[in-house]
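Colleague: Predicted model, plus sequence, below.
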Amino acid sequence: KRKLQLSPEQCSNFYAEQFGKVFFPNLTAYMSSGPIVAMILARNCAVSYWKELLGPSNSLRARITHPHSLRAFYGTDELRNGLHGSLSISSAEKEIRFIFPEAILEPIPTGQRARDYLNLYVKPTLLAGLTALCKEKPADPM
């Protein structure tokens, strides 16, 4: 999570794929008009899950078709929809690198790589911690 204010130039770079569209100047002006809160969502199928929570990009339409969506609650119109969501995994990676240049993006291990990681790093730590907890038997373990 990061709170920041983007300059008009940064907004133009962030939304470069929208350049030339009628709403582009208003979009960059609006997005640079005040602070934003940027977050990285990490979960299985994060992009599609976030899109579902957001609802349609037009907040007015969202109020009709997806009344419980975030944009229905927080957006005001088709431009000021309250929240941004990446369109794909590749655009999410690009946007994360833009907003969080220090972030390390690694693919989530699956299959045997995930089992190896758990066996090598997670299980020994859990075993050591749980063993210590059992030996001490604290009255309030939290």
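Modeller: Yep, it's here.

Colleague: quick one, domains of the chain?
Modeller: Domain assignment for the chain, taken from the TED database, gives 1-38, 45-104, 107-141.

Colleague: starting at the chain centroid, how far to the longest one?
Modeller: The one in question is domain 45-104. With C-alpha atoms, centre = their mean, to the nearest Å as the basis, domain 45-104 stands 9 Å off its chain's centre.

Colleague: Need the distance between the two termini of it.
Modeller: 19 Å (C-alpha to C-alpha, to the nearest Å).

Colleague: picking that back up, could I get the domains of the chain in CSV, plus columns for mean pLDDT and mean neighbour count?
Modeller: C-beta here means a position set from N, CA and C on the backbone, and glycine is covered the same way. As requested, the domains of the chain are exported to CSV (pLDDT from 0 to 100; neighbours: other C-beta atoms under 10 Å):
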stretch, mean pLDDT, mean neighbour count
domain 1-38, 95, 13
domain 45-104, 94, 15
domain 107-141, 86, 9
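
Colleague: what ranges do the helices span in this structure?
Modeller: Counting by DSSP state H, the chain has helices at residues 8-14, 24-31, 46-54, 59-65, 70-74, 89-99, 111-117, 123-136.

Colleague: Indicate which one of those is closest to residue 38.
Modeller: Checking the helices of the chain against residue 38 by C-beta to C-beta gives helix 89-99 as the closest, at 4.5 Å.

Colleague: Residues touching the closest one, excluding its own?
Modeller: 2, 4, 13, 14, 38, 40, 46, 47, 86, 103, 105 (C-beta atoms under 8 Å, 6 or more residues apart in numbering).

Colleague: May I see the helices of the chain arranged in CSV, with distance to residue 82 as well?
Modeller: Listed next are the helices of the chain as CSV, based on distance: least, C-beta to C-beta, whole Å:
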stretch, distance to residue 82
helix 8-14, 16
helix 24-31, 11
helix 46-54, 9
helix 59-65, 7
helix 70-74, 3
helix 89-99, 17
helix 111-117, 35
helix 123-136, 40
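
Colleague: Brilliant, that's me finished.
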